[in-house]
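In: Quick one: sequence plus predicted model below, questions after.
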Amino acid sequence: MPTCDIETEFIASGCNRVIGCADIRRYESWDLLAYGTSSLVVIADVESAHVLCTLREHEGRVNCVRWLPDGSDGSQSSVPRFLSASSDGSIVSWDHSPEHGWLKRQKLKEHQDSITTISISMESPNGSRGRTVASVSA
């Protein structure tokens, strides 16, 4: 029986049409784009326009993606991290491991309704160092 070699030539995905559904971050020599497409998060290399991976954890449409700055001065560490939020009311925290790729760190399900946006502050309300994350649902 003849064999057939299959190679990936092209991967296409459209960004969900929601304000804040895409975010870009410089990581080492890469410009990484994270965006929601349906219930998935796509990580792409901006320069080459190649999809690096798709991440599945949400049940509903991904409405918001935000890269996390790492230091109080906005500096970035060796590990890129981001949050994604969706219409299922969940927020997922992701980070990258050189050995294992993109990993879900935590999944929060505090909202009853669709989350429309996420905002990240590098300073806590009491002035101490640390991140404050605020999310808004419809």
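Out: On my side now, so go ahead. Numbering: from 1, shown residues only.

In: So, low pLDDT: which residues of the protein?
Out: 1, 9-11, 70-78, 123-131, 138 (pLDDT under 70).

In: any idea where the strands of it begin and end?
Out: With DSSP state E as the criterion, the chain has strands at 22-27, 30-37, 40-45, 50-56, 62-67, 81-86, 91-97, 101-108, 115-123, 129-137.

In: List of residues touching the fourth one?
Out: Contacting residues not belonging to strand 50-56 are listed as 11, 13, 32, 37, 39-45, 84, 94, 101-102, 104 [CB atoms under 8 Å, 6 or more residues apart in numbering]. To be clear about C-beta, it is placed using only N, CA and C from the backbone, and glycine gets the same treatment.

In: What strands line up against that strand, and which way round?
Out: strand 40-45 (antiparallel) (DSSP bridges).

In: ok, back up a step: most neighbours among the contacts of strand 50-56, please name it.
Out: residue 84 (28 neighbours; other CB atoms under 10 Å).

In: out of the contacts of strand 50-56, who's nearest residue 20?
Out: Distance to residue 20 across the contacts of strand 50-56 (CB to CB) is lowest for residue 84, with 10.9 Å.
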